[in-house]
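Asker: here you go, sequence then predicted model.
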Amino acid sequence: MRSLNLHLKVLITLLVGLGILITAYQIFILGIPLTEDETDDLWNIDAKVEFQASPREPVKLQMFVPPLNQDYVSLNESFISNNYGVSINRADGNRKVTWSARRASGKQTLYYRLVLTKRYSGEQPKDKGPIFRDSIPVEGAEKIAADALLAPIRQHSADVETFISETIKRVNDVNDDNVKLLLGGDASTPNKAKAIELLLSIAHVPMERVHTIRLAADVQQSPELWLRSFNGENWLYFNPESGEQGLPADRLIWWIGDDNLVSLEGGKQAQVSFSLNNSEMNAIRLAKLTDESTDADFLEYSLYGLPLSTQNTFQIMVVIPIGVLVILILRNLGGLQTLGTFTPVLIALAFRETQLGFGIILFTIITALGLSLRSYLEHLKLQMLPRLSVVLTFVVVLIAVISLLSHKLGLERGLSVALFPMVILTMTIERLSITWEERGGGHAFKVGIGTLVAATLSHLLMSIPELTYFVFTFPAVLMILVGFMLAMGRYRGYRLTELFRFKAFLKD
Amino acid sequence: MLGLWKTWKALEAKGIMGINRRNADYVLKYNKRHLYPIVDDKIITKERAIQAGIHVPEMYGVISTEKEIDNLDAIIGERSDFVVKPAQGAGGDGILVIADRFEERYKTVSGKIVSHEEIEHQISNILTGLYSLGGHRDRALIEYRVTPDQIFKSISYEGVPDIRIIVLKGYPVMAMLRLPTRQSGGKANLHQGAIGVGVDLATGVTLRGTWLNNKISKHPDTTNAVDGVQLPNWDGFMKLAAGCHELCGLGYIGVDMVLDQEKGPLLLELNARPGLNIQIANDCGLTHRAHAVEAHLAELAAKGIQETPAERVRFAQGLFGHVATAPA
């Protein structure tokens, strides 16, 4: 007995532990949403490239596209172009699309469309970057200006991070004469970046240009320039205009480096315009989509891998254990008396079709009528099987009559009764009447009410959509349930009703 | 909530056994499933009992097919009283007790006149499984009608009172006399309204009783006191009950017996899931007694001794007998 107990404890611990682990893995590592209503932003980015093709010349247009090795996952990427060959290649952490055509003339329009979301990125690669660079050679007045600027920057900074932000701050002080000299009257962002780069290079601090797109809907925008530098562990991002540090969450890196967005051969006046819009999408559906477009298949072996119609069936099936658990608790802990063990669960399933209130009324009416028929048949002294058949047929006729009546009365709900499992009803009637015979009407009434209460409770629990979703998405929860059921299997305490049943002992 | 917790603690202190504990610690532990047919089928129980030399009501015949119903006359012969029972019936259902016959008709104990055809129909019902536990086919058993000892006349209403002893691994742990009432319709099942009266294991003197979960000291129909009655041949009952462990192999059983006017203690049936109201009848919990028996068994096992039924009865009587009755 002791070894059995140990065995059971190990089994329960194993099941519950495994259940919790798998569910936690799904929630925290895979990031599967906890509720069905959770939504995620879905971004639709269109880059429209327009240019004038030179006649009688092959056209080759190269454009950077997002490298997608960050926190974003692309769900769909398309290159829309007539008569153009498309190829994509990666270089230096960038991705470049090349459109090419032997012959094109007039105004050309090409589209690049990217649908992405900020979910389910795989393992982050370890950041690495240069931490030293050679100085850009400068001479004369510029050198003096640069040195003059660097002196206070050195004084006001403690490390690479503060050095860079101090540099950016200085360069943005356009009233400073030294800055004016370095910028040469051009206060545009790229020019500022150039000046910053110069200053940083003298201090041997490497710097890269990062071109980003802001994920904001319906805003006219062109790629925004940011600067980044590697401090040995992480990339530090800086806004060259404000010195603001850290890339905001809504920025998507489009490309890195000094090159232009587009390079064009055999054409002129290349122009790129971006338009973005976002839509919200159900998180779990999104997860399914990302699953298809990434190599990690989180959901491949989950119930979502089933065909849709089967999924619907399973959504009902996976909650049945919860209904059973309710019966288990009500019976073994509460001491509620029900007809049979799982009859209440079957009735609860039937309530799905009929709705609760209507289901209870129908159940009561049919059972009551069936019972009176059964008590009449009792006088005829029929054998069991023929008697059951008569009751079953009566139940079918009864259901047909109820359906017809309610249809004529305009209650469409009545038609749902057809799905009320007739065999369950028949068995309920039979068992109830045997209980009636053996243990009296009072007891039969008690058992009948108990069955209804248990069925109602499990129906209510089983029809909570959040719960259905949760169990369906995290089926490992069922292992935890089994662990609990196993523990209940050796529960030896009193049932709630026994506390009242044995009250006589306390009357002394 | 707090009140319930107090009740729980108080019941636990008294060693009252709940259904969950009975099932987990006794029924599931000591009663092997494959032995259930021995107690579920009264015919098998009877055959086993006869082999073991335990007295049972004499079996006149068994009818197991519709064809054999024709043999009914031969089985009854010239007897004027007999009982027809389903072999696997539950709760005393489907039992027909014939007390007398005249001309071609029979009279039941309650005075109802039945024809030969009606008895045949009843047997046919039994065969189809109308009264059996799972509704499957059954056999009908025709046996001796027990005439209860006169001693029960004053404290019983109709029907046949029976004596139930709970036997754990061959050790009687608690006993109860079950008396039919008007409400129970002559049946001796407590949940049908019969009363249960505790019996002192050592002396066979009745204690107070239980009726519908309440404690009582008088029979609700006859208003005679139920306590203080000396049951005759008590040691015979105890030995019979103790011997039933070897008979069926089940470790936790309720042994139902009757006291016949002429034949003395007879084994009626065995129950693999005896009810818990016997505790109210005896005003005593089963758990402590069961633990005492289990401890004794562990002790014996260590010494490698196996006790005979007589020794087991002596042990149980010494430990659980001579209960001091609180003044009424």
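Answerer: Arrived safely, thanks for sending.

Asker: run through the residues that contact the residue nearest to the spatial centre of chain B.
Answerer: The centroid of chain B falls nearest to B:Asp256 when counting by Cα atoms, centre = their mean (2.1 Å). Residues in contact with B:Asp256 (Cβ atoms under 8 Å, 6 or more residues apart in numbering or on different chains) are B:Asp162, B:Ile163, B:Arg164, B:Leu267, B:Leu268, B:Glu269, B:Leu270, B:Asn271. No exception for glycine: its C-beta is placed from N, CA and C like everyone else's.

Asker: let me know the closest of those residues to chain A.
Answerer: Checking the contacts of B:Asp256 against chain A by Cβ to the nearest Cβ gives B:Asn271 as the nearest, at 15.6 Å.

Asker: tell me how many other residues crowd the closest one.
Answerer: 18 (other Cβ atoms under 10 Å in any protein chain shown).

Asker: got the phi and psi for it?
Answerer: Main-chain torsions, B:Asn271, degrees, to the nearest 10: phi -130, psi 120.

Asker: how about it, what does it touch?
Answerer: Listed by Cβ under 8 Å, 6+ apart, the contact set of B:Asn271 reads B:Val39, B:Arg164, B:Ile253, B:Gly254, B:Val255, B:Asp256.

Asker: show me which residues of the stretch 1-150 of chain B sit near chain A.
Answerer: For the stretch 1-150 of chain B, the residues in contact with chain A under the definition Cβ under 8 Å from any Cβ of the partner chain are B:4, B:7-8, B:10-12, B:14, B:16, B:18-21, B:24-25, B:29, B:90-91, B:93, B:121, B:124-125, B:128-130, B:135.

Asker: any of those buried? List them.
Answerer: B:7-8, B:11, B:14, B:16, B:18-21, B:25, B:90-91, B:93, B:124-125, B:128-130, B:135 (16 or more other Cβ atoms under 10 Å in any protein chain shown).

Asker: follow-up on the earlier one: give me the subset of the residues of the stretch 1-150 of chain B next to chain A lying in helices.
Answerer: B:4, B:7-8, B:10-12, B:14, B:19-21, B:29, B:121, B:124-125, B:128 (DSSP state H).

Asker: what about the residue nearest to the centre of chain B, helix or strand, and which?
Answerer: Element membership for B:Asp256 (DSSP states H and E) is strand B:252-260.

Asker: distance from that strand to the middle of the chain?
Answerer: Offset of strand B:252-260 from its chain centre (Cα atoms, centre = their mean, to the nearest Å): 4 Å.

Asker: repeat for stretch B:283-299
Answerer: For stretch B:283-299, the distance to the chain centre is 21 Å (Cα atoms, centre = their mean).

Asker: mind listing what's buried in that stretch?
Answerer: So for stretch B:283-299, counting by 16+ other Cβ under 10 Å, buried means B:283-290, B:292-294, B:296-297.

Asker: who touches the helix ranked longest in chain B?
Answerer: In chain B, taking DSSP H as the definition, the longest helix is helix B:286-303. With Cβ under 8 Å, 6+ apart as the test, helix B:286-303 has contacts from B:15-17, B:21-22, B:25-26, B:166, B:168-169, B:171, B:173-174, B:276, B:278-279, B:306-307, B:315-316, B:319-320.

Asker: and if you look at stretch A:381-389?
Answerer: A:Arg374, A:Leu377, A:Val390, A:Thr426, A:Glu430, B:His121, B:Ser124, B:Asn125, B:Thr128, B:Gly129, B:Leu130, B:Gly135.

Asker: which residue is the nearest non-sequential neighbour of B:Ile16?
Answerer: B:Gly285 (4.1 Å; Cβ to Cβ, 6 or more residues apart in numbering or on different chains).

Asker: and that neighbour, what is it in contact with?
Answerer: Counting by Cβ under 8 Å, 6+ apart, B:Gly285 touches A:Phe505, B:Leu11, B:Lys14, B:Gly15, B:Ile16, B:Met17, B:Gln279.

Asker: among those, which pair sits farthest apart?
Answerer: Farthest pair in the contacts of B:Gly285 (Cβ to Cβ) is A:Phe505 and B:Met17. Separation: 11.7 Å.

Asker: quick one, which of these two is more surrounded?
Answerer: Set side by side, A:Phe505 and B:Met17 show more neighbours around B:Met17, with 24 against 19, by other Cβ under 10 Å.

Asker: ok, that one touching B:Leu276?
Answerer: Yes: B:Met17 lies in contact with B:Leu276 (Cβ atoms under 8 Å); the separation is 6.0 Å.

Asker: re the thing from before, can I get the contacts of B:Gly285 in TSV with pLDDT and distance to A:Val65?
Answerer: Converted to TSV, those look like this (pLDDT from 0 to 100; distance: Cβ to Cβ, whole Å):
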residue	pLDDT	distance to A:Val65
A:Phe505	83	81
B:Leu11	90	75
B:Lys14	89	80
B:Gly15	91	79
B:Ile16	92	77
B:Met17	93	76
B:Gln279	92	81
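
Asker: and those, which is closest to B:Thr206?
Answerer: B:Gln279 (15.8 Å).

Asker: the closest one is in contact with B:Arg21, isn't it?
Answerer: No: with contacts counted by Cβ under 8 Å, B:Gln279 stays clear of B:Arg21, the gap being 11.7 Å.

Asker: give me the common contacts of these two.
Answerer: With Cβ under 8 Å, 6+ apart, B:Gln279 and B:Arg21 have no common neighbours.

Asker: quick check: residues of the stretch 151-300 of chain B near chain A?
Answerer: With Cβ under 8 Å from any Cβ as the criterion, the stretch 151-300 of chain B comes near chain A at residues B:His191, B:Gln192, B:Thr210, B:Asn213, B:Asn214, B:Lys215, B:Gln279, B:Ile280, B:Asp283, B:Gly285.

Asker: now the buried members of those.
Answerer: B:His191, B:Gln192, B:Thr210, B:Lys215, B:Gln279, B:Ile280, B:Asp283, B:Gly285.

Asker: the residue in the stretch 201-328 of chain B that chain A sits nearest to and A:Pro67: what is the separation?
Answerer: Using Cβ to the nearest Cβ, the single residue of the stretch 201-328 of chain B nearest to chain A is B:Lys215, 4.8 Å away. Distance of B:Lys215 to A:Pro67, given as Cβ to Cβ, to the nearest Å: 84 Å.

Asker: would CSV of the contacts of stretch A:381-389 with distance to B:Lys85 be doable?
Answerer: Formatted as CSV, the contacts of stretch A:381-389 follow (distance: Cβ to Cβ, whole Å):
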residue, distance to B:Lys85
A:Arg374, 24
A:Leu377, 24
A:Val390, 27
A:Thr426, 28
A:Glu430, 23
B:His121, 15
B:Ser124, 14
B:Asn125, 12
B:Thr128, 15
B:Gly129, 14
B:Leu130, 13
B:Gly135, 17
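
Asker: give me the low-pLDDT residue ranges for chain B?
Answerer: When residues are selected by pLDDT under 70, those of chain B lie in B:91, B:133-135, B:324-328.

Asker: which residues in chain A form strands?
Answerer: A:39-53, A:59-65, A:73-80, A:85-91, A:94-101, A:106-117, A:208-214, A:224-230, A:235-238, A:251-256, A:262-265, A:267-282 (DSSP state E).

Asker: distance to chain B, mean neighbour count and mean pLDDT added to those strands, as JSON lines?
Answerer: As requested, the strands of chain A are exported to JSON lines (distance: least, Cβ to the nearest Cβ, whole Å; neighbours: other Cβ atoms under 10 Å in any protein chain shown; pLDDT from 0 to 100):
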{"stretch": "strand A:39-53", "distance to chain B": "42", "mean neighbour count": "18", "mean pLDDT": "82"}
{"stretch": "strand A:59-65", "distance to chain B": "65", "mean neighbour count": "21", "mean pLDDT": "87"}
{"stretch": "strand A:73-80", "distance to chain B": "51", "mean neighbour count": "16", "mean pLDDT": "80"}
{"stretch": "strand A:85-91", "distance to chain B": "66", "mean neighbour count": "11", "mean pLDDT": "85"}
{"stretch": "strand A:94-101", "distance to chain B": "65", "mean neighbour count": "18", "mean pLDDT": "87"}
{"stretch": "strand A:106-117", "distance to chain B": "49", "mean neighbour count": "17", "mean pLDDT": "84"}
{"stretch": "strand A:208-214", "distance to chain B": "58", "mean neighbour count": "19", "mean pLDDT": "86"}
{"stretch": "strand A:224-230", "distance to chain B": "62", "mean neighbour count": "20", "mean pLDDT": "84"}
{"stretch": "strand A:235-238", "distance to chain B": "59", "mean neighbour count": "19", "mean pLDDT": "84"}
{"stretch": "strand A:251-256", "distance to chain B": "57", "mean neighbour count": "21", "mean pLDDT": "84"}
{"stretch": "strand A:262-265", "distance to chain B": "74", "mean neighbour count": "16", "mean pLDDT": "85"}
{"stretch": "strand A:267-282", "distance to chain B": "42", "mean neighbour count": "14", "mean pLDDT": "80"}
